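Participant: Structure, please.
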Amino acid sequence: MARKYPLERLRNFGIVAHVDAGKTTTSERVLFYTGMSHKIGEVHDGETVTDWMDQERERGITITAAAISCDWTPSLNPDRTSKEHKFTFNIIDTPGHIDFTAEVKRSMRVLDGAIVVFDGVAGVEPQSETNWRYADEAGVPRICFINKMDRTGADYERSYQTIIKRLSPKAVRFQLPWGSEENLKGVIDLLKMKAYTFEGDMGMNVLEHEIPDELRAEAEKYHGELVERIVENDDEQMSAYLEGNEPSYDELQATLRKAVIANAIFPVMTGSALKNVGVQRILDAVVDYLPSPLDLPPVLGTNPKTDAEETRIASDTSPFCALAFKLQTDPFVGQLAFFRVYSGTVKSGSYIFNASTGEKERLGRIVRLQADKREEVEEVYAGEIAAGVGLKDVKTSHTLCTEDAPIILEQIVFPEPVVAMRIEPKTKNDQEKMGMALKKLSDEDPTFKVSTDDETLETIIAGMGELHLEILVDRMKREFGVEASTGKPQVAYRETIQNEAEAEYKYVKQSGGRGQYGHVKIRIRPMKPLAEGEEVAKNVTREDHFEFVNSIKGGAIPGEYIPAVMKGAKEAMGRGLVAGYKMEDVTVELYDGSFHDVDSSEIAFKLAAINAFKIAAKRANAVLLEPVMKIEVTTPEKFMGDVNGNISSKRGLVEGMEDRDMVKVINAKVPLSEMFGYTTTLRSMTEGRANMVMEFDHYAVVPPNIAMEIKKERGIKDIEVEE
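Facilitator: Numbering: from 1, shown residues only. As a prediction, this is how the structure comes out:
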């Protein structure tokens, strides 16, 4: 089966936003206007295509990223039936709630562009900033869409200014709303200098008009600003413009496309998805300004055999290379592995090489996705997104390729969980099924971790928030039939060191026959992040939150025992000295030691390293760290004093306040341990009129008096270390 449309007519993009900004509503309009659905599903009715999980429809929020493939012909094209003008869209509708932020992060890794949706009343909200940061990290070109302009209190200019101040000064007005609130009629295109209305059934027909006289002066002012921002990206056009010659519309459009792809400009569009205003023009902008796979540099990876950097060009004739970015359990076909093809093609039934594990697997079937519906295909091509059936050992971030041209693409790095809770099965029958269910759910979601408490042997689950864990426990019950009891949520504390310290430990055991001998001298210090462009030295092993430096000279310790020392140090970090939590961000340097020709062994050096690390950590001022959350509270002014006082009582720091219509918005940072049940407290304090959104910000040192309380709660005495 040949490729449907040429590669230059393919667009892979995501729709991202803060929760409740109208992202899923926008996605539903996209499906309707592209002909993928014949009825628009509404979030408030629980009938959307992209929010297909039971929990999503019940709660009215997006939990999992949904992939959709559809075709689009630009809305102003007079011949909308011709295949020559059609484009293929692969769209991912991502969650907006902070607890499901991993879905946004992994989606950004495989997308070529994004539409970032904002609420026309609220403007930029906390999760908008996090999503924007993920897009910056992945270098994803963006189009901004200020949605909900039909809402009471909607203000395009204020929302635009929040984008400029809080996200990027590279944003520029590309459209203006024609009217607002209940008088919203359409949009004004500041590049083409035309007005558009959306008439007929569900706003299906896009009609072009001259700009109304009362808006012409404002449109001309912002048209001039837009043109100036565009010509700044092209020296020839800049020179002509300064001489009084404005480039043609086609020339400006071509330059704007290059600037958007280079992340030099973020066009800001507007409308109302719910009232069917402006969505088709956004899809036109995706065609005009977001990149096809051909517009982006070749994907970079490493050859696992030679460790040399290699690239893969987006072409059907290049060797096959794809990245698995998401796993999903399907009740009918088993595990689905979503992958993005960067180069080459792959057919169903063929064998593929998993470069991350070094194993070959058979790709049983390939399906293209319409949220929860499947369309089987024989072959997928460069640039496309699909899902494979039958790939048992594939995990998120694994690279799939051909065995004769292996490559490993850069892995997706996920945030660490911040909330944990105990879980236990209700019956013996549930006990057998629970392990399997937890494994499948943790394979699907890299921010969901399962572990066993060494002392109590209880199963501990950890995730990004209370809602995250609640949803996963609910999924265990519905999808896997596992009934489980859970304890109350616990904060995922961490430990680290604040100073540098040295320690020496000699492990000697002699009990008849061959003895044990291991002697190490180590130096530990807080781990520093790598500077931009800095490479890791040859004698350094660097992992997430841990660094090991081998400074042994002259064979004081033979090379075969060095990995055992590193293993011992890592194991010692698994249980910290303050309250028994995992230690992070420590550099361990092995600088001296000694060995015995007969008695030395790997286990002896490992045990010596464990004890030396404990001694050094005690000397290096080990401290407890806690997750601190960034919160945004929206409250009527009369309750502002009470809310501020309550935040301060929770060890919170109020960082700023702003006005938003008739309410006050308070921005603060508060430790997560103080935030359990806060929504209920806030509602009772404000007659149910205030609301709050929260996201993880950073880890901070716990005050000594609080650290003592945590120690007492865990029943931990000072850990004795033999020196």
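
Participant: Which strand runs longest in this protein?
Facilitator: Determined from DSSP state E, the single longest strand within the chain is strand 622-636.

Participant: Could I get the buried residue list for that one?
Facilitator: Buried residues in strand 622-636, counting neighbours by 16 or more other CB atoms under 10 Å, are found at 622-635. (C-beta placed from N, C-alpha, C; glycine too.)

Participant: After it, heading C-terminal, what element do we hit next?
Facilitator: Heading C-terminal from strand 622-636, the first helix or strand you meet, by DSSP states H and E, is helix 640-649.

Participant: Now do that next one against strand 622-636, angle only.
Facilitator: 170 degrees (axes from the mean of the first three to the mean of the last three CA atoms, to 10 degrees).

Participant: The helix or strand following helix 640-649 pairs with which strands?
Facilitator: Counting by DSSP H and E, the next helix or strand C-terminal to helix 640-649 is strand 653-660. With DSSP bridges as the test, strand 653-660 is paired with strand 663-671 (antiparallel).

Participant: Helix or strand next in line after the strand it pairs with, which one?
Facilitator: Assignment by DSSP H and E places the next element after strand 663-671 at helix 678-685.

Participant: Run through who's touching the helix or strand that comes right after that next one.
Facilitator: For helix 678-685, the succeeding helix or strand toward the C-terminus, using DSSP H and E, is strand 691-701. The contact list for strand 691-701 (CB atoms under 8 Å, 6 or more residues apart in numbering) reads 18-19, 98, 101, 125-127, 130, 415, 418, 464-465, 494, 498, 623-634, 669, 671-672, 675, 678-679, 682.

Participant: quick one: average confidence on strand 691-701?
Facilitator: Averaged across strand 691-701, pLDDT comes to 83.

Participant: Report the distance from that strand to the chain centre.
Facilitator: Taking the mean C-alpha point of strand 691-701 and that of its whole chain, the gap between them comes to 16 Å (CA atoms, centre = their mean, to the nearest Å).

Participant: That one: which residues count as buried?
Facilitator: Those would be 692-697, 699, for strand 691-701 by 16+ other CB under 10 Å.

Participant: again with stretch 484-501
Facilitator: Within stretch 484-501, the residues scored as buried using 16+ other CB under 10 Å are 484, 489-497, 501.

Participant: Low-confidence ranges, this protein, go.
Facilitator: 1-2, 36-66, 77-83, 95-103, 331-333, 369-373, 454-456, 511-513, 661, 716-723 (pLDDT under 70).

Participant: before we move on, back to that, so how far is the longest strand of the chain from its chain's centroid?
Facilitator: A distance of 20 Å separates the centroid of the chain from that of strand 622-636, by CA atoms, centre = their mean.

Participant: What is that strand packed up against?
Facilitator: The contact analysis (3 or more CB pairs under 8 Å, 6 or more residues apart in numbering; DSSP states H and E) places strand 622-636 against helix 126-138, strand 494-497, helix 640-649, strand 663-671, strand 691-701, helix 704-713.

Participant: now with 6 Å?
Facilitator: Judged by 3 or more CB pairs under 6 Å, 6 or more residues apart in numbering; DSSP states H and E, strand 622-636 is in contact with strand 494-497, strand 663-671, strand 691-701.
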